[in-house]
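Mind looking at a prediction? Sequence and model below.
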Amino acid sequence: MGSLKGTVLVGLIVWALMGWAAGEPEGQLQGWARAMGMSVSAFSAARGEALYRQENGNAQGGAIGCFSCHTKDPRQPGRTRAGKTIEPMASAVTPTRFTDPAKTEKWFSRNCQDVLGRACTPEEKGDFVTWLTRVKP
Amino acid sequence: MKDSVKGMLVVAGAVIAAVGLFATGPSWGDDEGRGEEHGGMRASRVPVGAPASWKTECGSCHVPYPPAMLPAQSWARIMAGLDRHFGENASLPPAVAAEIGQFLAAEAGWPRDGEGGVARGEPPLRITETPWFRREHREIGDVVWRRAAIGSPANCSACHRQAEQGIFNEHGVKIPK
């Protein structure tokens, strides 16, 4: 019995440390909800999906959107303009997605400007992440 | 050995192995003749001691281009305009930008007349616009650059399969059809 206990205990500690290092999107979702004075459950996966699929005009008269680099299917790998592969956005395929709050905010701040011409609201970020963490593999 | 001890050892071993895997990382090779002999046969062009932020940040959208491929003035211009980086917003937190900027300045190529084309006029923003890049790639036609698997001359690793490790020598080149 002692063996099982010891293994389970160490296993739990390792698991907890890994969870801490990787981070979960929940904390960040809560932060965005707080900023909007709403609850996390009010974030909408449907609105998040609509934002992902939204097409905007770019300066050259073409269309730009999340799909420009990430493809229309978030379970598929994307490609940067310089040709580098981007891991799929869906957490179900890329489990590390949205587990690093600073990285998530960095890319929102860059890509919202590029795609929408403005910063995203905390609500939009919450919707977006809610959808992408729920997309089935 | 007691089973409990065995169990702990197994878990501990797994943790050590996992940490070792992450800590190893790529080896950067040597740092000989930075800024010189762009077309020569050398090992990695990535200097020893390159900050991790350089590889992760510069390397998230494109191959982290070796600092010796542009002169310091060019890197300074690039780092000053990250919010409009070749049509994309690539802005960085100030502390990260400062760390990367210092590295690029310290390891930049040499501004030599005719080599890099920076002795006169504006420092180039694109490696692909430097005379040495054009010379090295003079045999590559537009049709090749536009192939789906390549896309543009910015995509070094399409042909230089070890570009991520800073290795660009001709032996490692394989042009996709």
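Now that the structure is in, tell me what you want to look at. Numbers count the residues shown, from 1 in each chain, chains lettered A, B, ... in the order given.

so where is the chain shaky, pLDDT-wise?
You didn't say which chain, so I picked chain A. Of all residues in chain A, those with pLDDT under 70 make up the ranges A:1-4, A:7-8, A:10-23.

hmm, I had chain B in mind actually
B:1-42, B:111-121.

hey, where'd the helices end up in it?
B:3-24, B:52-53, B:72-80, B:94-107, B:131-136, B:142-145 (DSSP state H).

Name the residues of the third one that come out as buried.
Read it as helix B:72-80. B:72, B:74, B:75, B:76, B:78, B:79 (16 or more other CB atoms under 10 Å in any protein chain shown). In this view, the C-beta of every residue, glycine as well, is placed from N, C-alpha and C.

separation between the closest residue to the fourth one other than its chain neighbours and residue B:144?
Using CB to CB, 6 or more residues apart in numbering or on different chains and skipping residues adjacent in sequence, the residue nearest residue B:76 is residue B:105, 6.9 Å away. Residue B:105 sits 34 Å away from residue B:144, going by CB to CB, to the nearest Å.

again, but for residue A:59
29 Å.

Out of those two, name the residue with the larger neighbour count.
Between residue A:59 and residue B:144, residue B:144 has the larger neighbour count (other CB atoms under 10 Å in any protein chain shown), namely 16 against 8.

My guess is that one contacts residue B:177. True?
No - using CB atoms under 8 Å, residue B:144 makes no contact with residue B:177, being 9.7 Å away.

so where do the helices sit in chain A?
A:2-22, A:25-36, A:45-53, A:67-70, A:101-116, A:122-132.

counting contacts, what elements does the second one pack onto?
Secondary structure elements in contact with helix A:25-36, counted by 3 or more CB pairs under 8 Å, 6 or more residues apart in numbering or on different chains; DSSP states H and E, are helix A:101-116, helix A:122-132.

show me the contacts for residue A:116.
Residue A:116 is in contact with residue A:56, counting by CB atoms under 8 Å, 6 or more residues apart in numbering or on different chains.

hmm, back to that, burial-wise, tell me which of the helices of chain A comes out on top.
Mean neighbour count (mean count of other CB atoms under 10 Å in any protein chain shown) peaks for helix A:122-132 among the helices of chain A, with a mean of 23.

Give me the angle between it and helix A:101-116.
Calculated by axes from the mean of the first three to the mean of the last three CA atoms, to 10 degrees, helix A:122-132 forms an angle of 100 degrees with helix A:101-116.

do you know how far the spatially closest residue to residue A:124 that is not a sequence neighbour is from residue B:89?
In this structure, residue A:124 finds its nearest non-sequential neighbour in residue A:51, 5.8 Å apart by CB to CB, 6+ apart. Separation of residue A:51 from residue B:89 (CB to CB) stands at 17 Å.

now residue B:52: how far from chain A?
Counting by CB to the nearest CB, to the nearest Å, the gap from residue B:52 to chain A is 14 Å.

And for that residue, the neighbour number?
That count, for residue B:52 with other CB under 10 Å as the rule, works out to 9.

What separation do you get for it and residue A:109?
21 Å.

again, but for residue A:126
From residue A:126 to residue A:109 the distance is 15 Å (CB to CB).

And for residue B:69?
Counting by CB to CB - residue B:69 and residue A:109 are separated by 28 Å.

Please report the distance of the residue nearest to residue B:76 from residue B:79.
Taking CB to CB, one finds residue B:105 at 9 Å from residue B:79.

Also residue B:176?
32 Å.

what does residue A:80 give?
19 Å.

what does residue A:128 give?
Counting by CB to CB - residue A:128 and residue B:79 are separated by 29 Å.

Likewise for residue A:136?
41 Å.

now residue A:134
38 Å.

same deal with residue A:49?
With the distance defined as CB to CB, residue A:49 ends up 36 Å from residue B:79.

try residue A:35
31 Å.

Next: residue A:64.
Distance from residue A:64 to residue B:79, by CB to CB: 25 Å.

Repeat that for residue A:74.
Counting by CB to CB - residue A:74 and residue B:79 are separated by 32 Å.

and if you look at residue B:87?
For residue B:87, the distance to residue B:79 - CB to CB - is 17 Å.
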